[in-house]
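In: Give me a model of this one.
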Amino acid sequence: MSRSITLGRVLMVGFLLVLVLNVFFFRSESLTKFNGFWALISPDEVTCEGRVALLPISTPSQNSNLNSPKIFLLETSGRATLNPRQACAIESALRFTNLNVFVLIRSPFLNLSDVTTCHLFKLSKETNTTTTNLYFREIQPDRDLKDLPFDCSMFKKKLLQGHKFYATFLSDALRLAYLYNYGGWYGDLDFIYLRSLAKENGSILAATGGKSNASYFLTNAAMKMERRHPFLLEYMEDSVRAFRGQARAEMGPNTLTSSLKRYCNIPKSIQSLRNLSDPSLCSNIRVVPPQVFHPIRLHTMKFLWSKEELTPAFWNQTKRDAWAIHFFSYLTSSKEVTKNSRKEAYSYLAPIYCPNSFASVEEF
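Out: Have a look, this model is predicted:
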């Protein structure tokens, strides 16, 4: 009886050992095949299936390229995929800004079964050791907001209560955290980027406005800040005070505009923001005019989907001083792109600035 019990134990141990070894080798194969952070692979080896794990941006061994000029693009919805218009923003930034492009996603992995996401991943540093400057990283809110004004129970409680706009609120907070900790550019995922941003010095905030050029205010859709700039701390503190978790833009343009006025000690008159085109006037912060990031503004948004044909002269004028064009996705995401380049801004610009993304799907 004792011999049969001993034999049974040996067989059980052997079975468990085989099981452990199979799991180990399967896991190793998965990492080699799908996880570029563990083993760099060529684009041809990436199959559009399965998923690839992402590391957080704060992993020390992955931060060497954070010292170079860079732009942060955030996807905070929790999805593991990128839609074609978001991919267009990423591709145009990769092609034209001459910056390291960090795409930060609130998901621990990318879903490579999505064609658009897979083709973007094939362009990333994880599959091209020297030919690209595109990086995917995971957003970890608790870690990424740690030791900043947003790292307080009051803000976190209201953040969760405001579930309708949770992704927007989180994005508004995280962009400031990344710029404070690392410096560089931030841009929304509904821009098309048109030119190099690598040689723009100092800190840059973007103005937009209403029908009158006199009605300047600032937008938090695009900005560049030097690392640890003290203005960012004040803006974060003002954002926490202003935050109620009820309206979409509580930490956005109005809070940013009032924070800068107080920080720079400038008059209440909105027109006075024009004077900050000279960075020597306020802590090396420069305000660029609306035509730089918003050559098409909210009140002229009809030109993004026009009833009339948009002439080459219109586009030459629109792009003359522009660094990027904003598409206001919170208002336009449901608008159809029929690939009519004479009436649709996406159909005119995307084949030039993000051709792969534009061609990746039938419905853009």
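
In: Give me the pLDDT value at Ser269.
Out: At Ser269, the model reports a pLDDT of 59.

In: To clarify, my last question referred to Asn128.
Out: Listed pLDDT for Asn128 reads 57.

In: My read is that Thr168 contacts Arg248, right?
Out: Yes. Thr168 lies in contact with Arg248 (CB atoms under 8 Å); the separation is 5.4 Å. C-beta here means a position set from N, CA and C on the backbone, and glycine is covered the same way.

In: Between these two, which is the more surrounded one?
Out: Between Thr168 and Arg248, counting by other CB atoms under 10 Å, Thr168 is the more crowded of the two (19 against 13).

In: Remind me which helix or strand the more buried one belongs to.
Out: Counting by DSSP states H and E, the element that carries Thr168 is helix 166-182.

In: What is that helix packed up against?
Out: Helices and strands touching helix 166-182, by 3 or more CB pairs under 8 Å, 6 or more residues apart in numbering; DSSP states H and E, are strand 70-75, helix 141-144, helix 153-161, strand 184-187, strand 216-225, helix 230-242.

In: gap between His163 and Ser107?
Out: Using CB to CB, to the nearest Å, His163 is found at 18 Å from Ser107.

In: If you could redo that for Pro149, that was the one I meant.
Out: As judged by CB to CB, Pro149 and Ser107 stand 26 Å apart.

In: And those two? Which one has more around it.
Out: Between Pro149 and Ser107, counted using other CB under 10 Å, Pro149 has the larger neighbour count: 21 against 18.

In: ok, and the closest non-adjacent residue to that one?
Out: Met236 (4.2 Å; CB to CB, 6 or more residues apart in numbering).

In: contacting residues around the one you found?
Out: Leu148, Pro149, Phe150, Ala173, Leu176, Ala177, Tyr180 (CB atoms under 8 Å, 6 or more residues apart in numbering).

In: Common neighbours of Thr168 and Arg248, please.
Out: Counting by CB under 8 Å, 6+ apart, the residues touching both Thr168 and Arg248 are Tyr330.

In: how about the helices and strands packed on helix 166-182 in CSV, adding mean pLDDT and distance to Arg95?
Out: Converted to CSV, the helices and strands packed on helix 166-182 look like this (pLDDT from 0 to 100; distance: least, CB to CB, whole Å):
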stretch, mean pLDDT, distance to Arg95
strand 70-75, 98, 12
helix 141-144, 94, 27
helix 153-161, 83, 35
strand 184-187, 98, 14
strand 216-225, 94, 17
helix 230-242, 97, 29
